[in-house]
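> Please find the sequence and the predicted model below.
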Amino acid sequence: MKLFVLVLYMCSGVANTCLQPFVFEEKFNSAYDCMIKGYEEGRDKIIEIGPEDVNKYDMYIKFNCLAEEVILPPKKPVKELRT
């Protein structure tokens, strides 16, 4: 089973660098769900930074959805009840 982890990077075109990535604790069941959350969080962060700093420092947000392989333990057998 695969789960996806969202990693967000806040970058400046003026400084030509990005801050340390922020890794979300929430795991996603699909790449689609992770991508939607990435776009939402990127938009929210740009709004939070505001137009003055975004324009002054040429700020942008990029993100990645990294797949994690999750190994689930085998299911235990279910005992049947006799009636």
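That came through fine. Residues are numbered from 1 along each chain as shown.

> what's the single longest helix in the chain?
Determined from DSSP state H, the single longest helix within the chain is helix 31-49.

> helices and strands around the following helix or strand past it, which ones?
Downstream of helix 31-49, the first helix or strand assigned by DSSP states H and E is helix 51-57. The contact analysis (3 or more CB pairs under 8 Å, 6 or more residues apart in numbering; DSSP states H and E) places helix 51-57 against no helix or strand. Where you see a C-beta, it was placed from the backbone N, CA and C, and this is true even at glycine.

> burial count for residue 34?
23 (other CB atoms under 10 Å).

> quick one: it from residue 26, how far?
9 Å (CB to CB, to the nearest Å).

> Near the closest residue to residue 71 other than its chain neighbours, how many other residues are there?
Nearest non-adjacent residue to residue 71, counting by CB to CB, 6 or more residues apart in numbering: residue 1, 7.8 Å away. Other residues near residue 1 come to 8 when the count uses other CB under 10 Å.

> ok, the residue sitting nearest the centre point of the chain - contacts?
Geometric centre of the chain, nearest residue: residue 6, 1.4 Å, by CA atoms, centre = their mean. Applying CB atoms under 8 Å, 6 or more residues apart in numbering to residue 6 gives the contacts 23-24, 26, 28, 34, 37-38, 41, 63-65.

> try 10 Å this time
By CB atoms under 10 Å, 6 or more residues apart in numbering, the contact set of residue 6 is 22-28, 33-38, 41, 63-66.

> Can you classify it as helix, strand or coil?
strand (DSSP: H, G, I helix; E, B strand; the rest coil).

> so it bridges to which residues?
residue 65 (DSSP bridges).

> Now do stretch 26-34: everything it contacts.
Residues contacting stretch 26-34 (CB under 10 Å, 6+ apart): 1-7, 24, 35-38, 63-68, 70.
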